[in-house]
Every structure is written in structure tokens, then in C-alpha cells.
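*Asks:* curious how this folds, go ahead:
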Amino acid sequence: MASLRTHICSLLCYATFHSLFSCYSLPENHVALFIFGDSLFDAGNNNYINTTVNYQANFWPYGETFFKYPTGRFSDGRLIPDFIAEYAGLPLIPPYLQPGNYKFVDGVNFASAGAGALVETYQGFVIDLNTQVSYFKNIEKLLRQKLGDAEAKSLLGRALYIISIGSNDYLAPIVQNSSMLQSYSKDEYVAMVIGNLTVSIKEIHKKGGRKFGFLSLGPLGCIPGMKLIVAGSTSSCLDKATTLAHLHNKALSIALQKLENQLEGFKFANHDFYTSLSERMNNPSKYGFKMGNMGCCGSGPYRGQSSCGGKRQIKEYQLCEKASEYLFFDSGHPTQKANRQIAELFWHGTPSMTWSYNLKALFNL
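*Replies:* Take a look at the predicted model:
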């Protein structure tokens, strides 16, 4: 469903990049930011594919706080990569599929809401990780054509590649009541997700990527949208989803350490999103929030129904007065205030939260 329109947009972007690179020279020691992943990182790519509103946030009140209009970001304002770009002295990194004249040598955002490491995750409605990497390869090819091999290699080697992926691989089978999770043991299923992610990392590395940042999975079973479906309880989390998140994070940590030994020059920052989000859910006032387990926008218990904006299946929704008082903006995505706090930990957090490097250290290498 998404493929034809995506292909056309990709071709238009390719032509745009050609004209941009022909007249742009790089500043010395320029560091670019390449972004891959899901709705936590998607700055609007899904605006330009043939999908449904379930995978889009290009309508009010998304974007109300900072941009004052909906950009396609699943938040009231900026996302984690937007703040990382700010800390690195870069402009907002545009979506790959967004038309316009942008300095793509600052980086590109390939992320797509709903995407997973598995091609089967919401297949036909999103841009899966493998396809995102194929778009990156288009950029790598153009960089080499327009900047020359030496300068392109230097830019790609200095660049940072940040990835948020995996949540949808575990939540989609639960939400869709799919048999995928019954067909494999939990460990086997996690191994498939991590295996696909590892392949993508190796492909980026093959094209010159050396410095990577990863957002581990949060407490998936405790986000408002998952708490909603736990029958007969007002406080419990969906244990199945949380268990999968734990297993994924453990397997990711092991995989990254292996890659560090296998791949030349591979260095990484891995942020413990599970802990940073859990702390804010359990102790919201400590971090300046009034509500840690409920969405600002949505309906039903915890505002866990994905009805924010009234464009999806459920048309009625409630909207809080101040998004900054909430950890979550909708049924599963942090507010701008929360994104800023997580980005700060990702950028210059201590090894207890972000290891083996933080992003600031990687940028300065």
C-alpha cells in the first residue's frame, strides 16, 4: 500500500539531492546525523506514504506546543532527535521523503511511525527498517558522486547514526491478536528482531557508519495504550509486553558488545530508555510532571485509546490544558518535555544510563 507513493517520493528526493550537492561544500569536521526507526523518531515521513491515519500524526493537536501546527511528529512538539540535533549545533533534520531544498549533508531522517525491524510488522503501511537502510544507501551513493569518495567517506565516518526500533515488532502482534508470538518462543522471536537489526547495522557500517546511538525499549506493557487492555485492573501493566521489552534490551546489549568486537571502528551509545521512562512514570513529580501514567490526549482509561485528534476509529477524545504536565502526549508517545529530558540523558548521560559512550562523546570523537 505504501510502496508506489513512497517510490515516487524517493525519486523526487533523489533528484533534489542531486541539485543540492552540486553547489554545497562541507565545513571542516562536519558531523551529520542520520536517523532511523519508528514513531519516537519519525519527523514526518509517513505524511508522504500511502498509509492510514493510524500511522500518521499530521493533524491537530499534534505539534501544538512548539511548531504550532502538525508536522507528522507523534508528540505535542519536538522529538528526541530534534533535541540531539540542537545539542550538536545542527538544524532540524528533515524527513527523507519531504520535498524541498534542504542541506541533507547535515543528515537525513528515515524513521517511520509503526516501523519495525521485521518486514512483517505493519507491512504495507510503514517504511520498515530494511527499506530505511536502502534509502540511506541512496544518500551514500549521491554523497560519493557529488563530494568525491574521500570527502564522502570522511563525512560518513564522522556522522552519528541513531536508531529507535523494536517496540512495534512486539506490540503489533499483541494489538492485532496475531499468531506470530505463538509461533515462536519469546527468546526466538527476540532473536529474530535483534538479528534483523544487526543486519541493518552491518549494512550501515559497510557504507562507512562507525558511530551509533540506540534507544533501548521502554516498559512497553505500562504505556497508557497497553494498560488500557489489562482487564479488571486500574494499575497493572501488560506483563507479556514488558517481558519482551526486557528480553529485547538484554539481547541488544549483548549484540552491541559483539559488534564492537567484530566491526572495525564500531562505537555505540545505548540509552536505558526502560529505566529513564519507568522512573518518570513512577515518580512524575520528581521530574516536573503531574501525570506519569496517563496521556494528555486520547480517550478511555489512562486516555489509552488512540483517538487523539479524532481522525482515527474513535472520534471523541479529551485534550489536557498543559501537555508539559504530562509524561505522555497520547496513548504511547512522550510529550516534548519528556523527549527533552530523555534526549539530555542520551546526549550527556552517565554510564549508568547511557553507555559505553554517550552521544556527546561520540560526536566529539
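
*Asks:* so how far is stretch 72-86 off the chain centroid?
*Replies:* 10 Å (Cα atoms, centre = their mean, to the nearest Å).

*Asks:* which parts of it are buried?
*Replies:* Going by neighbour count (16 or more other Cβ atoms under 10 Å), the buried part of stretch 72-86 is 72-85. The way it works is simple: take the backbone N, C-alpha and C, and place the C-beta from them, glycine included.

*Asks:* swap in stretch 242-262?
*Replies:* By 16+ other Cβ under 10 Å, the buried positions in stretch 242-262 come out as 242, 244-249, 251-252, 255-256, 259.

*Asks:* now stretch 113-132
*Replies:* 113-118, 121-122, 125-132.

*Asks:* and of these, the nearest to residue 337?
*Replies:* Nearest to residue 337, judged by Cβ to Cβ, of those is residue 113 at 20.2 Å.

*Asks:* what's the closest non-adjacent residue to that closest one?
*Replies:* Closest residue in space to residue 113, ignoring its immediate chain neighbours: residue 39 at 3.5 Å, by Cβ to Cβ, 6 or more residues apart in numbering.

*Asks:* which secondary structure state is assigned to that neighbour?
*Replies:* Three-state call for residue 39 (DSSP: H, G, I helix; E, B strand; the rest coil): coil.

*Asks:* and for the one 3 residues further on?
*Replies:* Remark: residue 42 carries the secondary structure label coil [criterion: three-state DSSP].

*Asks:* now swap in the one 5 residues further on and tell me
*Replies:* Assigned state for residue 47: helix (three-state reduction, three-state DSSP).

*Asks:* how about the CA coordinates for the lengthiest helix in the chain, as CSV?
*Replies:* Longest helix in the chain, counting residues (DSSP state H): helix 239-262. Output of helix 239-262 as CSV, limited to C-alpha atoms (Å, rounded to 0.1, in the frame of the first residue of the first chain):
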residue,chain,number,x,y,z
ASP,A,239,3.2,-8.3,31.6
LYS,A,240,3.7,-10.0,28.2
ALA,A,241,4.8,-6.8,26.5
THR,A,242,7.1,-5.7,29.4
THR,A,243,8.7,-9.2,29.5
LEU,A,244,9.5,-8.9,25.7
ALA,A,245,11.0,-5.4,26.3
HIS,A,246,13.3,-6.8,29.0
LEU,A,247,14.4,-9.7,26.8
HIS,A,248,15.0,-7.4,23.8
ASN,A,249,17.1,-4.9,25.9
LYS,A,250,19.2,-7.7,27.2
ALA,A,251,19.8,-9.2,23.8
LEU,A,252,20.5,-5.8,22.3
SER,A,253,23.2,-5.1,24.9
ILE,A,254,24.9,-8.5,24.1
ALA,A,255,24.6,-7.9,20.3
LEU,A,256,26.2,-4.5,20.6
GLN,A,257,29.1,-5.8,22.5
LYS,A,258,29.6,-8.5,19.9
LEU,A,259,29.5,-5.9,17.1
GLU,A,260,32.1,-3.8,18.9
ASN,A,261,34.5,-6.8,18.6
GLN,A,262,33.5,-7.7,15.1
